[in-house]
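Student: Please work out how this folds:
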Amino acid sequence: MKEYTVTIRFYEELNDFLPYDKRKVAFAVTWKGKRSIKDLIESLGVPHVEVDLILVNGVSVGFEYLVQNDDYISVYPVFEQFNIRNITRLRPEVLRNPTFVCDVHLRKLVKYLRLFGFDVLYDETWDDKDLAQIAAQQKRILLTRDRQLLMRKIVDRGLIVRNTSPQKQIVEILDRLDLWGMINPFSRCIMCNGTVIELHENSEEFQKDKKRIPPGVLSWCKVYYKCLNCGRIYWEGSHYEKLTKKIETIISQKPDK
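Tutor: Numbers count the residues shown, from 1 in each chain. Just a heads-up that it's a prediction; the model follows:
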């Protein structure tokens, strides 16, 4: 069986998946038998969904490319903030449709994303197969800290969440996908992901739901909101003020470009 040796280098955050001695440097890889460039990249621990551009000897290629002996390979991450329109992108479209599905370990991040107005599916009973199928079928971005999950063939939209703190995770996602301009706070139900609309005080619907609102709140509050999915009613009380401060704190962490 023929032996192959190539030189490969990974750029930017893709280095997070590599051992320290292989980060930000070109290194040699040797194996026997033909293999696709997708297989080579994932054998080194880098999920294919984190990759958006591969150059082989200076020419862009797709995941199906069969690696040749002595190839020089450069691998780049998802270019959400750059224009690489005229070369081979490795996903059908950029991740500009910010709908997500998260694994069981990202429960707190789910609430932050919904608080900021993003459509996020989450169910603690879903296993890896369920998550991969939902991401593929609904064209959602799969967020996880499990790189093996993103190596499933059917997943073509996904990101490994690097940070462990929920507050840092939301900043990471907003920045990596350049979603700062799409923030729409309080437009989604934190509990069920439904769309939240204003419930006008003089509307027929408000009169039906009025009995569900504490009398003390009715005495001072004039503005209410309702989730169209679960029916939960919200108002701008002390909890709203605390969440508003959290939102402002997170937005203040937007990096200067």
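
Student: Residue ranges in the stretch 51-200 of the chain under the pLDDT threshold?
Tutor: In the predicted model, the stretch 51-200 of the chain carries pLDDT under 70 at residues 79-97.

Student: Please enumerate the strands of it.
Tutor: Along the stretch 51-200 of the chain, the stretches classed as strands by DSSP state E, counting those that start in this stretch are 51-56, 59-60, 72-77, 99-102, 119-121, 141-144, 158-160, 196-199.

Student: relative orientation of the first one and strand 72-77 in degrees?
Tutor: Just to be clear, that refers to strand 51-56. If you take axes from the mean of the first three to the mean of the last three CA atoms, to 10 degrees, strand 51-56 sits at 170 degrees to strand 72-77.

Student: now for strand 51-56, which elements pack on it?
Tutor: For strand 51-56, the elements it packs on are helix 37-43, strand 72-77, judged by 3 or more CB pairs under 8 Å, 6 or more residues apart in numbering; DSSP states H and E. Heads up, the C-betas are built off the backbone N, CA and C, glycines and all.

Student: for these, which one sits closest to Phe10?
Tutor: Nearest of the helices and strands packed on strand 51-56 to Phe10, taken as CB to CB: strand 72-77 at 4.9 Å.

Student: can you put the strands of the stretch 51-200 of the chain in a markdown table and add mean neighbour count and distance to Thr5?
Tutor: Output for the strands of the stretch 51-200 of the chain, formatted as a markdown table (neighbours: other CB atoms under 10 Å; distance: least, CB to CB, whole Å):
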| stretch | mean neighbour count | distance to Thr5 |
| --- | --- | --- |
| strand 51-56 | 20 | 14 |
| strand 59-60 | 14 | 19 |
| strand 72-77 | 19 | 11 |
| strand 99-102 | 23 | 39 |
| strand 119-121 | 19 | 44 |
| strand 141-144 | 25 | 33 |
| strand 158-160 | 23 | 28 |
| strand 196-199 | 16 | 57 |
